[in-house]
Structures are given as C-alpha cells and as structure tokens.
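Trainee: Sharing a model that was predicted from the sequence below.
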Amino acid sequence: MSNSKPLIDNTADLAAFLQSIADCPIIGVDTEFVRERTYHARLCLIQVSGNGHAACIDPLAIEDLSALAAILEDDQVVKIFHSARQDLEVLYQRFGFVVSPVFDTQIAAALIGHGEQVGYAAIVERLTGTVLPKGETRTDWSRRPLRDAQIEYALDDVLHLHEVHDQLAASLSEKERESWAVEEFATLDDPSLYFVDPADVWKRVKGLGGLKAPAQHQAARLAEWREKEALERDLPREWIIKDRSMIDIARENPTTPESLGQIQDVGKRTVDRYADQIFKLMAAPLSDDVGVLVESRGRPDKAENELRKRLMKVIKEKAESLELAASMLGNRQGVELLIHEPERSRLLSGWRRDVIGAELQAIVKEQPSAG
C-alpha cells in the first residue's frame, strides 16, 4: 500500500485520503492512545487502510473528524481491527457511537486454532511471513512531532490487516465457522462495554458478595461517588480510591479520619481530600428492607468441585478436538454460571450451545443439588 501523506494533520489532506477509500467495502483500522493518567483514554492517532492506501490521521491536530466518522459508522463498510475492544472504546468516546460492523482478526484467529490472545505481529508473521519491527512499542503517542519511524510503526498496524483478513476469512469458511465469527463480532456492538452509568458501576466492583446487604449498598454508593469524581477530575478511578478499600470502608464503616486512614491503601492524601464526602455517604440512611445486590455462594462443597472439574475436562477435550483454545470455548466463569445461573452462561447460547452446551447441561442435571 502507498500514500503520499502518511501523516494527515489537516482537513484538506483528510478529505483527499477519505476520497481515495470512499468506495472501499472493507477498511483496516487501528488507534494509538494514552490512558495512564486520565479517566478516558486520549486518542492520539487513527490509522486507516483501504484501496491500496494507508494513512495515520492525527485527531490532536484535526478537530472536525465528521467525514471519517461517517465511514466508521457506515454499516455497509466492514472495519478490520486486531483485538478491537480498546480501539472501539476510545473511538466510542470520541465519536459517540460503536464502530460497526467489525471483523476482529484476533477473534477470527482464535476460532481457527491460533490461540485466544494471539498478538498482531505474531499473526502477521504466521500468515504473511512479514516480521514487524518492535522498536516503538513504548512510544508516547501524545507527543508531537512524531518521528518517521513512529509513523511507519503505526502504519504497519493497518498495512497487513487486509491480507490477514482474507486468509482468516478463507479458513473460517473452510472450517464452516463463519457464523461463529459473526456471533463473536456482534458481542462488540454493545455500548455498555464502552460506557457505564455511574449508578451501575458497582456491578464491576469485585468483592461485594462478601458483604452483608446494607454494606453492599454502602459500597455501591461509594462506587457511584468515585465514578463521578473520577469523571469530573479526569483521573483513573483507582487513583480516587481502590476497589478493595471501598469494600473495607463499607464493611468497617469508619467514622473518623484516623479510622479511615487505617483502611488498607487509604493514605493521608485520600483522607484529607475525601474524608468528609465519604462520611456523608456512609451516614445517609438506608431503608430497613434493602436487599442483597450480589449473592454470596460460599465455598463449594466436594460434589460441586468434582462437577466443575468434570465440566472443565469435557470443555478441554472438546476444544482440543476442534483445535481451539479451551478458554475460547468455555472458561471457569462460564462453568460457574452454568451450575448456578444457567440462563446467563454463554455455554448455553449460540455456537457454544450447538457445539457443547447440551452435553454440559446433561452433566449438570445428573447432579441437581449442585445448582
């Protein structure tokens, strides 16, 4: 592929490039971003390829990207990514919609036996023989100007996507797994993957199941407050307060700066800045009949442990027969849900249901007490 303007930093060059790919039914897309010190990732580059052209588009220099957004939102244009999840998140934050439809080469590769988390450089080398340089992996993409080597490195991330896509699509067809891929790609269309309402963020906090019902609601309040604070200050939420600290605060209900400071990972700076807000949240009354937000299952008994092992063994054997990574077919979480909340287990939906779900469900029904 070639393009006379590998780095596009103005609207005129952007318009010319987009015209060169205007009739392309499938384009390659990648992004570069930084996120270590902010709530949202900062989008620094958008790489696009199609019709024999490729370019790095600079969103830090071009404010109006509506013409590019129109292509990314066009449901008649397939967008090829490798490991799309984080790219889709930063693009959602910039444009306000989920880029779709997507062909994720990492997912496609996993479905034909390349392992669940195969990297882009590895799959490019396996399928095309091209060895990609690794010299710019630690680049700060927010710094300007970008060096030629950095631009070339970023372009490599989309230059080979089309060839990789073509080979993976052919293999999926040969193995009759195109429908599997379509189903997996569709899971990336859910906006809740890329945005969470602060009122619902408690659902992502680990450890609530170990708390009593009132403390769970206190932890949920803390999680909502932390999310709003992180958004307002544009900081990583863990910089405000860590998950385990929120759980401990909800459990122990500290009422003085001294007792708050004794909570693990709550330092003096946190106490000085947030103690009053935390105490106010904790002091707000709860209704007398608050229900449990997350059920605690307790420690599984011997029978359940044996059942889990048996299910995982069946999954591993089936995955090996299909030349799949076992985790791609089913993981521990899926097995836990199959035992306790089968309606939520992905093992009983879509292609997994057809491949192995009925067999696993029959095994669980042999031991009804496990559920």
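Mentor: Here it is on my side, so go on.
Trainee: going forward, measure contacts and count neighbours with C-alpha atoms only.
Mentor: OK.
Trainee: what about stretch 320-336, how long is it end to end?
Mentor: Using C-alpha to C-alpha, to the nearest Å, the end-to-end distance of stretch 320-336 comes to 21 Å.
Trainee: Could you tell me the phi and psi values at residue 49?
Mentor: phi -140, psi 150 (degrees, to the nearest 10).
Trainee: How much space separates it from residue 20?
Mentor: Residue 49 sits 10 Å away from residue 20 when distances are taken as C-alpha to C-alpha.
Trainee: Also residue 238?
Mentor: Counting by C-alpha to C-alpha, the gap from residue 238 to residue 20 is 43 Å.
Trainee: Likewise for residue 255?
Mentor: Residue 255 sits at a distance of 64 Å from residue 20 (criterion: C-alpha to C-alpha).
Trainee: Ok, residue 305 next?
Mentor: Distance, residue 305 to residue 20, by C-alpha to C-alpha: 58 Å.
Trainee: Repeat that for residue 182.
Mentor: Look at residue 182 and residue 20: by C-alpha to C-alpha, they are 28 Å apart.
Trainee: can you give me the helices in the stretch 201-350 of the chain?
Mentor: Along the stretch 201-350 of the chain, counting by DSSP state H, counting those that start in this stretch, helices occupy 213-233, 237-240, 243-252, 257-261, 268-283, 302-322, 326-329, 332-340, 350-352.
Trainee: Could you export these as a markdown table, including mean pLDDT, distance to residue 55 and mean neighbour count?
Mentor: A markdown table is the format used below for the helices of the stretch 201-350 of the chain (pLDDT from 0 to 100; distance: least, C-alpha to C-alpha, whole Å; neighbours: other C-alpha atoms under 10 Å):
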| stretch | mean pLDDT | distance to residue 55 | mean neighbour count |
| --- | --- | --- | --- |
| helix 213-233 | 96 | 32 | 20 |
| helix 237-240 | 95 | 34 | 16 |
| helix 243-252 | 97 | 40 | 20 |
| helix 257-261 | 96 | 51 | 16 |
| helix 268-283 | 96 | 44 | 15 |
| helix 302-322 | 94 | 38 | 16 |
| helix 326-329 | 91 | 33 | 19 |
| helix 332-340 | 92 | 40 | 18 |
| helix 350-352 | 97 | 37 | 16 |
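Trainee: Would you map out the domains in the protein?
Mentor: In terms of domains, the chain is parsed into 7-190, 198-283, 302-370 (source: automatic domain parsing).
Trainee: Residue 291 is nearest to which of the ones you listed?
Mentor: domain 198-283 (5.9 Å; C-alpha to C-alpha).
Trainee: mind checking how far the closest one is from the chain centre?
Mentor: Relative to the centre of its chain, domain 198-283 is centred 24 Å away, using C-alpha atoms, centre = their mean, to the nearest Å.
Trainee: end to end, how far does that domain reach?
Mentor: Taking C-alpha to C-alpha, domain 198-283 runs 20 Å from one end to the other.
Trainee: Also stretch 56-74?
Mentor: By C-alpha to C-alpha, the extent of stretch 56-74 from end to end equals 20 Å.
Trainee: tell me the average confidence for that stretch?
Mentor: Averaging pLDDT along stretch 56-74 yields 97.
Trainee: how about it: buried residues?
Mentor: Residues 56-59, 65, 68-69, 71-73 are the ones in stretch 56-74 that count as buried (16 or more other C-alpha atoms under 10 Å).
Trainee: So residue 114: helix, strand or coil?
Mentor: Classification of residue 114 using DSSP: H, G, I helix; E, B strand; the rest coil returns coil.
Trainee: That should have said residue 118, apologies.
Mentor: With three-state DSSP as the basis, residue 118 sits in coil.
Trainee: Could I get the contacting residues of the residue sitting nearest the centre point of the chain?
Mentor: By C-alpha atoms, centre = their mean, the chain has its centre lying nearest to residue 85, at 4.4 Å. Applying C-alpha atoms under 8 Å, 6 or more residues apart in numbering to residue 85 gives the contacts residue 188.
Trainee: Which pLDDT value does the model give it?
Mentor: As predicted, residue 85 sits at a pLDDT of 97.
Trainee: And the one 5 residues further on, by the same measure?
Mentor: You'll see residue 90 listed with a pLDDT of 97.
Trainee: now it: how far from residue 49?
Mentor: Look at residue 90 and residue 49: by C-alpha to C-alpha, they are 19 Å apart.
Trainee: neighbour-wise, which of those two wins?
Mentor: residue 49 (30 against 23; other C-alpha atoms under 10 Å).
Trainee: Let me know the secondary structure of the closest residue to the more buried one other than its chain neighbours.
Mentor: Excluding its sequence neighbours, the residue lying closest to residue 49 (C-alpha to C-alpha, 6 or more residues apart in numbering) is residue 28, at 4.8 Å. Following three-state DSSP, we place residue 28 in the strand state.
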